[in-house]
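Enquirer: okay, sequence plus prediction incoming.
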There are 8 protein chains.
Amino acid sequence: MELTVYLAGQIHDDWRNDVKAQAKEKKLPLQFVGPQENHERSDNIGESIMGEQPDNLYRDDAASSINNFRTQVLLHKSDAVIALFGESYKQWNTAMDASAAIQLRKPLILIRPKSLIHPLKELSNQADVTVETIDQALAVLSYIYE
Amino acid sequence: MELTVYLAGQIHDDWRNDVKAQAKEKKLPLQFVGPQENHERSDNIGESIMGEQPDNLYRDDAASSINNFRTQVLLHKSDAVIALFGESYKQWNTAMDASAAIQLRKPLILIRPKSLIHPLKELSNQADVTVETIDQALAVLSYIYE
Amino acid sequence: MELTVYLAGQIHDDWRNDVKAQAKEKKLPLQFVGPQENHERSDNIGESIMGEQPDNLYRDDAASSINNFRTQVLLHKSDAVIALFGESYKQWNTAMDASAAIQLRKPLILIRPKSLIHPLKELSNQADVTVETIDQALAVLSYIYE
Amino acid sequence: MELTVYLAGQIHDDWRNDVKAQAKEKKLPLQFVGPQENHERSDNIGESIMGEQPDNLYRDDAASSINNFRTQVLLHKSDAVIALFGESYKQWNTAMDASAAIQLRKPLILIRPKSLIHPLKELSNQADVTVETIDQALAVLSYIYE
Amino acid sequence: MELTVYLAGQIHDDWRNDVKAQAKEKKLPLQFVGPQENHERSDNIGESIMGEQPDNLYRDDAASSINNFRTQVLLHKSDAVIALFGESYKQWNTAMDASAAIQLRKPLILIRPKSLIHPLKELSNQADVTVETIDQALAVLSYIYE
Amino acid sequence: MELTVYLAGQIHDDWRNDVKAQAKEKKLPLQFVGPQENHERSDNIGESIMGEQPDNLYRDDAASSINNFRTQVLLHKSDAVIALFGESYKQWNTAMDASAAIQLRKPLILIRPKSLIHPLKELSNQADVTVETIDQALAVLSYIYE
Amino acid sequence: MELTVYLAGQIHDDWRNDVKAQAKEKKLPLQFVGPQENHERSDNIGESIMGEQPDNLYRDDAASSINNFRTQVLLHKSDAVIALFGESYKQWNTAMDASAAIQLRKPLILIRPKSLIHPLKELSNQADVTVETIDQALAVLSYIYE
Amino acid sequence: MELTVYLAGQIHDDWRNDVKAQAKEKKLPLQFVGPQENHERSDNIGESIMGEQPDNLYRDDAASSINNFRTQVLLHKSDAVIALFGESYKQWNTAMDASAAIQLRKPLILIRPKSLIHPLKELSNQADVTVETIDQALAVLSYIYE
């Protein structure tokens, strides 16, 4: 049984490659989807398609409309969601995607470091599983196939 | 027509009183609900009811389970949601509540300062209305009754 | 049993007063809600609350976000919807509200003149009832209480 | 990941071929579906299957019941929707399909010329993305696969 | 706790009065709603409001659109449904309302005589409770308040 | 695009073979599912699996539980439903399946002879398309692929 | 804000009176509903209304159909659910009601003694809050009103 | 038509192998999924992935979060559910999964011995089919393909 997993979270480093590599190594029949990982491309996509915008507010709104469109399409196709939080960045769109997954009944694995236990406590409490590392998240996904 | 509005956001200052005072002044038939606003009480509620927990992780999880229970009950009774973001704190539970409102089709007003335009762009794009001040949010609520 | 009815349609004349007057005359326990009927106010509401916008596109988007917020709140509180089409104006938001009512399972009465039979045929076919006059729509609402 | 996209909009010219040609050129794994594009066939389908109707009202209602059946089947199979508005025709069924997509949580791209900004402002505000050209809509679809 | 009960079934005799009288006698806080019980009025309502129709097919379709509108409004307001079948008439709209109640998760009491056990077996199997008399149905409703 | 169509209706003659033959002849990529068509098998299935029952009531209830299980599984897999009514038999489970299709948003084609216009008027009014013959129903399905 | 709370669990002692007494003492605006608490009445209700049944299987099925009807009506009216497990009895209908509450998004408080931690671990993990005593459950409900 | 069936129930013996063997023998195109069947692995999975927990409560909660994640993913992919009850063990998670299946409209076959008729009467009454043996459950599944 092939499953599709949406990888929500920051796009400043290549943590998704680590997820994919581990899944491949474990030979798990998983397909991963997620947001645009090229940060500059993600921020520019609005003006890139719709043309120059009046200022940063409209530039950001144009970009986010296209990023949200992509997320909605892919999230609806997914069977489960991993949301990764780290110590940098605001990561409110990660929280938004994680909460949407909960409400859409997409089973959710939350990854967050020990240092974020307190500020993420409400979201963690609603997630299906909370772990601290990518290795642990893969172990949870792998467990489905045991 | 009386409406119930859930006020999501930080509980470190009394911004909700400002909302309520303005609604009263405008004589709007609104009932406001929201999270526990006593910060210490909110953090202690788990141990206060369930007894001492092994460490901070479990203490936070116990508290958040009760805070989430409260939020779920009140959010389901609400006709609209205001989510306020400020420059301090992680505010991931605010993002979680705002995203839940979107998925539950509860019309959402997002309040955030100009300085947060970029990190909140995806959430703002999905909110029904985004404004910068409490006064503006009240003006939107007031508009329902014109 | 009091029912709430959303009155979707153009705001260029006062057809809603006609609806309300007839309901009052028939002593029907109906509460009517609907969009902002002051056309200028409806078009200006975005800039009125959020301040001047860069150009008409953003001015219109700001206004429509607040108009849509109002519509969502009131439509969700409604037990039935009347959507009136006339021979003037584009009336795409009327079509949008009527279609939303269908998908949200809010029983829908469509009012349209004979001249619009052809262009409204798909929407009319999905409406619960299609009539040509406000009098007929009121007769349908009145029938609930017989 | 193959996706199915419903192409809502007028059937007076062959704009859908342009969409399909661009998707093919970009080698996007997209399957496009949509309404009957032969206008005469679409208007005649009721009488063609059910036999002669008493007058135009019933002729149109018979045709639209079959057109709506087709739309419902294909819309439910779709992962996203493009709704194109032009300067001619009433296009209320386009608005109906676009609004249905929003309520059914099918991510929606709205294409409309600058001249229609004002009358489409409420629908545009609820769409996930609004653009002005087919090229831009394809760029948005293409972005899913980057 | 006041509850609203929709009374689906034939309108050729006044069985609903029997239901209402028994509820009143038992002092149950129940509000009963249901279809138009004047049979002639129910059959004529389409032409009465929309004017003369080309033939019986269109006359029936006009009437049923208004009867269905009424049913939808009242069924959505109900907390439970009683569907009564007797030995006369086709009663397909009774079956339609009963099945709609099941799908809408409105708890359903089916009343049918022993003679109809076989043809109603699938519907009876899906109903929450099946009884043979109005007295029994009232006993079930009364049990909610014990 | 392959579609699955549930064929609801009586199982006393082999009308489903006619449907399947026509679809094959037209080379439509349709998969048809439906109830057990062996009438005796359908009536006996309860006792056949669960053993002898106390009397006909329980025999019928046992059979219908298994028939309903089958219907639920197959109806949920379907993209559209055809419900055929004829002049014989009570056909209340046909009405039940047709109404379930409407509530589950499965597009519905109703087939009924002219003689049943009046008793089926409410169900016909809610169906997406109503026709009189199997040939017409196939023409509607075929239209999806034009 | 008055809330309605469904009290799921065994009916062999009067623990619900304890809940109600505490809520009254705390002056909480709560309305409590629940199953028939007279055990004999609950077991006999099927035969009491429908007459003698062939054997215990059918006697139990008749009773449970009426008990389930009652539960469905009252559960749908509730804003939250308390499910209490004790050391005696199978309590599978308590587990059934608790799980239904989770799926229906009714916020759930689980009460269970320490001795049942292991066998209830999956249900406890899905409940919003798990506590060990009625006093604690009331403290959680009371917290909503702070 | 291939179907996926979730096998809920105890994991202390290998009853699922019996199910699978019979399906294979009957050449039914069924795919079976279910919980982790290695009991020790199931109980240890929390600490195995998340590390040592403070005591049994937290150990169980960690394990159940991962078991529930697995169940949610697989249950959502299933077309039907078999829930087997035996005379040993508490089996509350079996009841939880069965009730979730009912609320998620996944057709449910309940298997339970005669000795459990009384305590399982409410759950049995809501299941689509109740039988006493695995052979009977397979006969029901097989009936779909006749």
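Expert: Ah, there it is.
Enquirer: stretch A:90-100 close to chain B?
Expert: Yes. Applying C-beta under 8 Å from any C-beta of the partner chain, one finds stretch A:90-100 touching chain B at A:90, A:91, A:92, A:93, A:95, A:96, A:97, A:98, A:99, A:100. Where you see a C-beta, it was placed from the backbone N, CA and C, and this is true even at glycine.
Enquirer: for the strand or helix carrying the fifth one, packing partners?
Expert: It stands for residue A:95. Taking DSSP states H and E as the criterion, the element that holds residue A:95 is helix A:92-103. Contact analysis of helix A:92-103 by 3 or more C-beta pairs under 8 Å, 6 or more residues apart in numbering or on different chains; DSSP states H and E lists strand A:3-9, helix A:56-76, strand A:80-84, strand A:108-111, helix A:121-126, helix B:92-103, helix B:121-126 as its packing neighbours.
Enquirer: next, the angle helix B:92-103 makes with it.
Expert: Orientation of helix A:92-103 against helix B:92-103 (axes from the mean of the first three to the mean of the last three C-alpha atoms, to 10 degrees) gives an angle of 50 degrees.
Enquirer: what residues does helix A:92-103 touch?
Expert: Residues outside helix A:92-103 that contact it (C-beta atoms under 8 Å, 6 or more residues apart in numbering or on different chains): A:6, A:8-10, A:67, A:71, A:75, A:81, A:83-85, A:107-108, A:110, A:123, A:126-127, B:85, B:91-92, B:95-100, B:102-104, B:119-123, B:126.
Enquirer: do stretch A:52-61 as well
Expert: With C-beta under 8 Å, 6+ apart as the contact definition, stretch A:52-61 has outside contacts at A:43, A:46-47, A:62, B:114, B:117-118, B:121, B:124-125, C:54-55, C:58.
Enquirer: the one helix or strand residue A:21 maps to vs chain D: in contact?
Expert: Mapping residue A:21 onto the secondary structure by DSSP H and E places it in helix A:15-25. No. Counting by C-beta under 8 Å from any C-beta, chain D has no neighbours in helix A:15-25; the shortest distance is 13.5 Å.
Enquirer: give me the helices and strands touching that helix, please.
Expert: strand A:3-9, strand A:30-33, helix A:134-144.
Enquirer: tell me the buried residues in stretch A:83-91?
Expert: Taking 16 or more other C-beta atoms under 10 Å in any protein chain shown as the basis for neighbour counts, the residues of stretch A:83-91 that come out buried are A:83, A:84, A:85, A:86, A:90, A:91.
Enquirer: ugh, wrong one, stretch A:26-39
Expert: Using 16+ other C-beta under 10 Å as the burial criterion, the residues of stretch A:26-39 that qualify are A:28, A:30, A:32, A:33, A:34, A:35, A:36, A:37.
Enquirer: what average pLDDT does that stretch get?
Expert: Across stretch A:26-39, pLDDT averages out at 97.
Enquirer: and the end-to-end length of that stretch?
Expert: 29 Å (C-alpha to C-alpha, to the nearest Å).
Enquirer: hmm, what's the outermost residue in chain A?
Expert: For chain A, the C-alpha farthest from the mean C-alpha position belongs to residue A:54; by C-alpha atoms, centre = their mean, that distance is 29.7 Å.
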